[in-house]
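[1] Sequence first, then the predicted structure:
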Amino acid sequence: MDVKDAIQKRRAYRSLDPVEITEDLIKDLASHAQLSASCNNNQPWRFVFIYSPEMLKKMHGALNKGNEWIHRASMIIAVLSKKEYDCIIGERVYHQFDTGMATAFLILRATELGLVAHPIAGYSPKKTREILGIPEDLEVVTLVNVGKHASTIYPILSEKQAQIEKQRPERFPLEKFVFLNRYPSNQP
């Protein structure tokens, strides 16, 4: 699979079947994230790979209502960073951008391996810190849930979530976010 195929195949599926998590798989995903660009090669990302059944169960307590589907994930990856780990140039703070790029590399590699790697916003950073022993000064940027796409849609999904499993949500037309040479004055 080439990069174009991985980008087109990547989906945020919620119906997950279990997949075997090994240290080799974790090293594979991490080594691809490691190759991402970052300001001055600071590599401001930190990842906690959670895959033991006991720790996964504890992590379920950090999830918002509506994310019960994550209980079927074989691994949760906590993505962490802090601004002091990366460039701060005037008002420009790079750590979230650079950490996001590294996370995208990890997600695309997981896709290439036939996995689903689904980042979410529906969790409590405070509870995540408590469960994983993360210092207060580290930002919990996202949680990425990993499993294998199930051939059936699980009944725990809401009607909207089940519909998204069947068909990729519509993407914005390019004209909404692509501008040539100058930002248009009629755009907010």
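    Looks like it arrived, so ask away. Numbers count the residues shown, from 1 in each chain.
[2] tell me which strands and helices the lengthiest strand in the chain is in contact with?
    In the chain, with assignment by DSSP state E, the single longest strand is strand 139-149. Judged by 3 or more Cβ pairs under 8 Å, 6 or more residues apart in numbering; DSSP states H and E, strand 139-149 is in contact with strand 16-17, strand 75-81, helix 95-112, strand 116-120, helix 125-132. C-beta here means a position set from N, CA and C on the backbone, and glycine is covered the same way.
[3] And those: which comes nearest R10?
    Smallest distance to R10 across those (Cβ to Cβ): 4.5 Å, for helix 95-112.
[4] Next, the buried residues of the closest one.
    95-100, 102-112 (16 or more other Cβ atoms under 10 Å).
[5] possible to save the helices and strands packed on strand 139-149 as JSON lines with mean pLDDT and distance to F49?
    Putting the helices and strands packed on strand 139-149 into JSON lines (pLDDT from 0 to 100; distance: least, Cβ to Cβ, whole Å) gives the following:
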{"stretch": "strand 16-17", "mean pLDDT": "93", "distance to F49": "16"}
{"stretch": "strand 75-81", "mean pLDDT": "98", "distance to F49": "6"}
{"stretch": "helix 95-112", "mean pLDDT": "97", "distance to F49": "10"}
{"stretch": "strand 116-120", "mean pLDDT": "96", "distance to F49": "12"}
{"stretch": "helix 125-132", "mean pLDDT": "98", "distance to F49": "11"}
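[6] For Q8, which of these is the nearest?
    helix 95-112 (9.4 Å).
[7] Taking strand 116-120 as reference, get the angle to the closest one.
    150 degrees (axes from the mean of the first three to the mean of the last three Cα atoms, to 10 degrees).
[8] most centrally placed residue in the chain?
    Closest to where the C-alpha atoms of the chain average out (Cα atoms, centre = their mean) is P119, at 2.9 Å.
[9] Dig out what that one forms beta bridges with.
    Counting by DSSP bridges, P119 is bridged to V144.
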